[in-house]
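Asks: Next come a sequence and a model predicted from it.
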Amino acid sequence: MIDLKDAFEKAVAESKQLSSKPDNETLLSLYSLYKQATEGDINTQNTPGMFDFVAKAKYDAWLKLQGMAADVAMQLYINLVATLKGG
């Protein structure tokens, strides 16, 4: 049986080869789940400036996952990529 970390790494690679680019909300989900899975809870108190809309959206998306276990974030990421691939 493939272990979770291997499946996660495979999903990360597959996410870069999707046939079409996901919408912005989905991209934020992929980003935040990846960060939570690989780095854990957000590790900075320096919030992006209010006019840096992309950085602020990424920060907020990751912050919403505060407290989520890495293995849960990995599984959700895997599931999301599978959905995007049509699987």
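Replies: Perfect, I can see it now.

Asks: going forward, measure contacts and count neighbours with C-alpha atoms only.
Replies: Fine.

Asks: which helices and strands does the lowest-mean-pLDDT helix or strand in the chain pack with?
Replies: Of all helical and strand segments in the chain, the minimum by mean pLDDT, DSSP states H and E falls on helix 53-63, at a mean of 94. Helix 53-63 sits against helix 24-39, with contacts defined as 3 or more C-alpha pairs under 8 Å, 6 or more residues apart in numbering; DSSP states H and E.

Asks: Identify the residues contacting the helix it packs on?
Replies: For helix 24-39, contacts defined as C-alpha atoms under 8 Å, 6 or more residues apart in numbering pick out 42, 57-58, 61-62, 65-66, 68-74, 76-77, 80.

Asks: just the CA coordinates of it, formatted as CSV?
Replies: Backbone C-alpha positions of helix 24-39 (Å, rounded to 0.1, in the frame of the first residue of the first chain) are rendered in CSV as follows:
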residue,chain,number,x,y,z
ASN,A,24,-8.7,31.0,-8.0
GLU,A,25,-10.6,29.5,-5.1
THR,A,26,-9.3,26.1,-5.9
LEU,A,27,-5.8,27.4,-6.3
LEU,A,28,-6.1,28.9,-2.9
SER,A,29,-7.3,25.6,-1.5
LEU,A,30,-4.4,23.8,-3.1
TYR,A,31,-1.9,26.4,-1.7
SER,A,32,-3.3,26.4,1.8
LEU,A,33,-3.5,22.6,2.1
TYR,A,34,0.0,22.3,0.7
LYS,A,35,1.4,24.8,3.2
GLN,A,36,-0.5,23.2,6.1
ALA,A,37,0.7,19.8,5.1
THR,A,38,4.3,20.8,4.7
GLU,A,39,4.8,23.6,7.3
